[in-house]
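with the sequence up front, the predicted model follows.
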Amino acid sequence: MTENKSYQDTSNPIVLFDGVCNLCNTSVRFLMAYNRKENLHFASLQSKYAKNLLAKYNLSQTDLATVVFIENEKISTQSTAIFEISKHLIYPWRAIENFKYLPKSITDWFYKLVAKYRYSWFGHKKECMIPKAEWKHRFHG
């Protein structure tokens, strides 16, 4: 994990995720596989790095039920974050972005439903995921 980078260095888009959630960890591995440009970076919401970023943007440091996506100083959460992240994936996964044209109330409702039950449906770990050696340069924390 890159400890020497300042939390204010957001030159690459960054995904903040629940590091103990099995669904979230599987999603990060999915993003790593289909982000061929390798420009997405990651940090668990439990990390000091993420807490500093959340504080910088006046976001809750205790809400682990939402993904946070930061790109060019723009913050996205919940379903909007998913759509923004999908722009960085290869096809056909990039097409997920097209769901942003659905009403936000519907996409966020679905997001919140999955987020609410993610631990009971997919389980969770006691500790945050340790990234593979070849991925460590893309993780902060």
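Nice, thanks for sending it over.

C-alpha only now, for contacts and for neighbours.
Will do.

any stretches of this protein with poor pLDDT?
In the predicted model, the chain carries pLDDT under 70 at residues 1-11, 129, 131-132.

let's see that with 80 instead.
Within the chain, the stretches with pLDDT under 80 are 1-11, 61-64, 127-137, 141.

now the helices for it?
22-34, 48-56, 78-86, 104-122 (DSSP state H).

tell me what angle the longest one forms with helix 22-34.
What separates the directions of helix 104-122 and helix 22-34 is an angle of 110 degrees, with axes from the mean of the first three to the mean of the last three C-alpha atoms, to 10 degrees.

circling back to that earlier point, rebuild the helices of the chain as JSON lines, extending it with distance to N72 and mean neighbour count.
Output for these, formatted as JSON lines (distance: least, C-alpha to C-alpha, whole Å; neighbours: other C-alpha atoms under 10 Å):
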{"stretch": "helix 22-34", "distance to N72": "19", "mean neighbour count": "17"}
{"stretch": "helix 48-56", "distance to N72": "13", "mean neighbour count": "17"}
{"stretch": "helix 78-86", "distance to N72": "12", "mean neighbour count": "21"}
{"stretch": "helix 104-122", "distance to N72": "22", "mean neighbour count": "14"}
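
quick one: closest of these to N12.
helix 78-86 (12.0 Å; C-alpha to C-alpha).

now the angle from that closest one to helix 22-34?
20 degrees.

tell me which strands and helices helix 78-86 is in contact with?
When contacts are defined as 3 or more C-alpha pairs under 8 Å, 6 or more residues apart in numbering; DSSP states H and E, helix 78-86 sits against strand 68-71, helix 104-122.

residues making contact with the last one?
Read it as helix 104-122. If you take C-alpha atoms under 8 Å, 6 or more residues apart in numbering as the criterion, helix 104-122 is touched by C21, N22, L23, A65, T66, Q78, S79, T80, F99, K100.
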